[in-house]
Every structure is written in structure tokens, then in C-alpha cells.
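Trainee: Predicted model follows, preceded by the sequence.
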Amino acid sequence: MSDQLTTVVTKKKIAMSAPKDDSLTGRKRSRKDRIDIGDEFDDESTPAQDVLEHVAEIPDDVILRQMRLFRDDANPKKVDLGVGAYKDDEGRSLVFGTVRKAEVLLTASHAGPMRIYDELQPRTEATRPKDGLLDKDYPGMRGVGFFLSGAQTLLFGEDHGLHVASVQTVAGSAACRIAFELFLRFLPDMKIFAPNPTWGNHHYLWSETYAYHRGAKLPEYQYINPDTLTLDLEGMTQNLTGLRRGSIVLFHLCGHNPTGVDPNKAQWDAIADVVKERSLVPFIDAAYQGLVSGSTEDDAYFLRKLVEIGVPTIVVAQSFSKNMGLYGERVGALHVVCESEETARKVTSQLKMLTRGIYSMPPIHGARIAGYILSDPTLRMAWEEELRAASLRLWKVRSLLVAELVSMGTPHPLGVDWSVLASHGGMFSYTGLPAEVCYDLREEHSVYMVPATGRLCFCGLNEGNVVYVAEAIDKAVRRHMEI
Ligand code: PLP
């Protein structure tokens, strides 16, 4: 009987629920209107159909597939060098101490912390719940205000004096997506160029914008030399110089994903000059600020340089997933540096509507945590200290791996020196290992990298497994090269 109820729809039921007039205009609906909204049809019982039957199942993204394989792998020595999430020296997920502290302070029941919160986000009697603790109200269309101020300061420095349009986003991914939507609507004639290679999701987020872009990849500019695994500055600046004035160019602020190759300061200076001379619009993805050099200031070098030389429009997609370990809280922001206050105001109004059209408003919990850390001088200092320690750990395991490979005399398939990996930075490196070697590492040694690109994520490496990983690479490479 209940089956019948869910699978059979009768005219009578629909007719009862359909209003006789238009509730917005009060106008009587004509017979044609009623047919258009589908409330008049065959009196016969209509069996419900599987209307989504034709939907094709698509395979999981490679990294998600690997995560599953890794989870099911019974080898106690397995090592995950695929997923880009920071782990501590024991291979555990890390929650920053400052994040824990901010969370406790924000949710504590005594008056002190709430007084601090009240200073950050003044509340009225009406917005203060009866228990005096945090409300769960909508944050407003731009998101959590004190988070946005802190996020701006982290990127542009204290007292930056810039005209910045900012909205909180659902982490860095949504910041990129909203930026793409902004470009499509307001700079529709301008192409967006991405480094080759770039984070795979940049292409995907782009292809998901307007329907007619589906499947489209962003056009690319030269970034690394795949034979030497180093920056191809000449190829890059040549490509950028050749772009049409006003083109939008995507840069990774630091810790380039997937290669780990970042320009040094002098190289950034040269790139910034091309941006200025060719009137390019830089679109900067800031997902790892502080995790590369250990200093949030040093990691923001390129952005600060662009501001210093007066590049008039700069777009920044900012994520706190990695540098605060707030992966699942989805904390991020999109910032647009504008020429004037008036432009910033207009852009802000559009950004609010773009986010409204996708997810209405961003989540508040993680943004309050991040905003609290960024606004409180003591927490901010302690967080920077934790970041420095995390970055140091990554540098340490990076150099340990290189040292092991060098000491074993492991050949490199491209003939380059393994020490090139030590010139990269952040969580990742393009190792230059071909897919067959990566598959061998996975199948024979339970060492999981990203086979399609040979990307290695250093997060899963630690003093306890680095020798095992180096030996596995040594064996897999020699087997592949038949040495
Ligand atoms: N940009 C780059 C280059 C990334 O590597 C990532 C995450 O891996 C992101 C943006 C955004 O991540 P999330 O959406 O988790 O903030």
C-alpha cells in the first residue's frame, strides 16, 4: 500500500495542492497557465519512472580512488604520499594548538572570552542568545566581518590602505569558482591563463562555470621545464609578454601545486614587471601562505610586490584549509584589489550576489576561529610559530629523502640530480617519476603517490618511514630502468 502511495500520482491530489490563482500577483490563472505548470494531466494512474536512469556513473577522481585503495591496503608499512593534507611526525592529522584554543575560547561559557568576541563582532541584545554564548545567526552576505579584516591583513599587511572588495567563501575552491564567475560576467572578452601544470581543480572549477564552458580547460602558459623540474622563467615571461593586454593570469602565491616549484624573489620581480608592463590582471591562488618558507610575510612576496609597483587590479583566492589545518571547516575568502573605493563598493555588491546564487552564505564556525586567531595578537604569534614548525618539518623530511636517494646512488629517470627536489618547496614536488614507477611503488611497496603526474606529497613522510620510502623508490626506479 505504501509503495502504491509513493509510486502513483493522481490528478486529484495535485489539483488539491495547486492554488487557483497566482499567489504573487493575485491574478486568476488561465487554463493554459495551469497546463504549463503541469498540474493537469491524464486521470489514469501514472507509474513513477526512474527519470534519472540515463545518468552515467563517472569514476572517482584519481586521488579519491587512491585514498580508498590506501584505506583498504593491509600492509602495515603503507605510506600515503598522495593526499595534500598535513600530517605530524607520527603520521597523524594535526589540529593546530591555536585552533583548539580559539575554539575553546569562543565556545567557553565564562564571560571573559565572550567579551573579546563582543569586541570583534559587537552584538545587540537581540543577537545575543539567552545563554550569552555564540549565536548561530546568518553571518550576512559577505560572511564574518572580523574574519575578512584579518584575512586581508594577512595577505596585504597591516594598514595596507588598499581598496579591497572581499567576501568570505567556502574555502579556496569556492573562492576560485566565484572569481571565475566574476571574470566571465565582467571581463567576458578576457582569457584566463593558468600555469602548465596547475592544480587540477582549477580546470575543473572553470569548466563548471557557465554551461558553454563545460569540459573546457583553461589555456596555459609555460611554467616548468619538465626535463629539469625547475622553473622555466624565460618560457614563462615570453608567454606572458605575448598575451593580449588585460588578460587574466593565474599564479600560485607559493607552494605551487603540483610541482613545488616557486620563483625566487628576483624571478618574482621579473614576472611582476611583465604583469605591470602588459597590463595583465593577476589572479593569485593563496592556498599555502606560511607553510612554505615558514613566514607568512615571505610567502606573500609576489602579492606585496604587485601592490608595491602599483598593479591596479589584483584578485586573490585565499584558503585557510592548509595553513590553519581547517580542511573540513571550509574557510576562505575572495579579495579584489580595486583602483578606487567606488569600484571596490560596486565589486563587493556583485560578489555578494555571486555567492548568493551558489550557496547563499558561507559557514560561520571555522571563519570565527580563523578570524579570532588573526585578530588576537597572542594567538596570531602562536599560530605563526606553529606554522613555522610545520614548514620546518616539511623541509626536514624533504632533505632526508633527497639525502637517502643520493646516498644510495639511485638513478633518476630524467638524469637530473635528486637534489632538485630540495630546491622545490611546500607540500609537493614533481618527482619526474613516470607512472609505471608510481604504480610499482603502490603495488609492490604500498607507497602511494599520484601516478599520472609523479607528484609526491611530503606530508605523509616522517623520520620513521623515510628510509623505507627511499628504498622503495630505489628498487622501483632500478626495475623500471632495468639497472
Ligand atoms: N588552491 C590550490 C592550489 C590547492 O592546492 C587547494 C587545495 O588543495 C586549494 C586551492 C583549495 O582548497 P580548499 O578548497 O580546501 O581551501
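Mentor: Cool, got the structure.
Trainee: Could you grab the helix/strand/coil label for Arg388?
Mentor: Here Arg388 is recorded as helix under DSSP: H, G, I helix; E, B strand; the rest coil.
Trainee: That one: what's it in contact with?
Mentor: Applying Cβ atoms under 8 Å, 6 or more residues apart in numbering, we find Arg388 in contact with Gly290, Gly294, Ser295. Quick note: C-beta positions are derived from backbone N, CA and C, even for glycine.
Trainee: buried subset of those?
Mentor: Of the members of these, the ones counted as buried by neighbours, 16 or more other Cβ atoms under 10 Å, are Gly290, Gly294.
Trainee: quick one: which of the contacts of Arg388 is nearest Gly425?
Mentor: Nearest to Gly425 out of those is Gly294 (Cβ to Cβ; 10.0 Å).
Trainee: Can you check my assumption that that closest one lies in a helix?
Mentor: No. Gly294 is assigned coil when assessed by three-state DSSP, not a helix.
Trainee: what's the nearest residue to Val281 once chain neighbours are set aside in contact with, if anything?
Mentor: Closest residue to Val281 apart from its sequence neighbours, by Cβ to Cβ, 6 or more residues apart in numbering: Ile248 at 4.6 Å. When contacts are counted by Cβ under 8 Å, 6+ apart, Ile248 touches Phe183, Leu187, Met190, Lys191, Ile192, Phe193, Leu280, Val281, Pro282, Phe283, Val315.
Trainee: hmm, try it at 7 Å
Mentor: Contact analysis of Ile248 by Cβ atoms under 7 Å, 6 or more residues apart in numbering lists Phe183, Leu187, Met190, Ile192, Val281, Phe283.
Trainee: looking at the residues you listed, which has the most residues close by?
Mentor: Phe283 (24 neighbours; other Cβ atoms under 10 Å).
Trainee: Look up which residues are beta-bridged to that one.
Mentor: Under DSSP bridges, the beta-bridge partners of Phe283 are Leu250, Val315.
Trainee: Which positions in this structure make contact with the ligand?
Mentor: Residues of the chain lying close to the ligand by Cβ under 6 Å from any ligand atom are Gly84, Ala171, Gly172, Ser173, Trp199, His252, Asn257, Asp285, Ala287, Ser319, Ser321, Gly332.
Trainee: surely the third one meets Gln289?
Mentor: No. Using Cβ atoms under 7 Å, Gly172 is not in contact with Gln289, being 10.8 Å away.
Trainee: What about Gly454, how many residues nearby?
Mentor: A total of 20 residues lie near Gly454 under the criterion other Cβ under 10 Å.
Trainee: Please give me every residue in contact with it.
Mentor: Neighbour list for Gly454: Tyr430, Thr431, Gly432, Leu433, Pro434, Cys438 [criterion: Cβ under 7 Å, 6+ apart].
Trainee: Can you give me the pLDDT of it?
Mentor: Looking at Gly454, its pLDDT stands at 91.
Trainee: Number of residues surrounding the closest residue in space to it that isn't next to it in sequence?
Mentor: Among residues not flanking Gly454 along the chain, Leu433 sits closest, at 4.2 Å (Cβ to Cβ, 6+ apart). By other Cβ under 10 Å, 23 other residues sit near Leu433.
Trainee: Could you check how far Leu433 is from Met408?
Mentor: In this view, Leu433 and Met408 are 15 Å apart by Cβ to Cβ, to the nearest Å.
Trainee: for the spatially most central residue of the chain, helix, strand, or coil?
Mentor: For the chain, the residue nearest the mean C-alpha position is Gly172 (3.4 Å; Cα atoms, centre = their mean). Assigned with three-state DSSP, Gly172 falls in the helix class.
Trainee: What are the neighbouring residues in contact with it?
Mentor: Contacts for Gly172 (Cβ under 7 Å, 6+ apart) come out as Asp285, Ala287, Ala317, Gln318, Ser319, Ser321, Gly332.
Trainee: Looks like the second one contacts Phe320 (just checking).
Mentor: No. Ala287 lies out of contact with Phe320 (Cβ under 7 Å); the separation is 9.1 Å.
Trainee: tally of neighbours for the closest residue to His213 other than its chain neighbours?
Mentor: Nearest non-adjacent residue to His213, counting by Cβ to Cβ, 6+ apart: Ser207, 5.7 Å away. Residues within reach of Ser207, counting by other Cβ under 10 Å, total 15.
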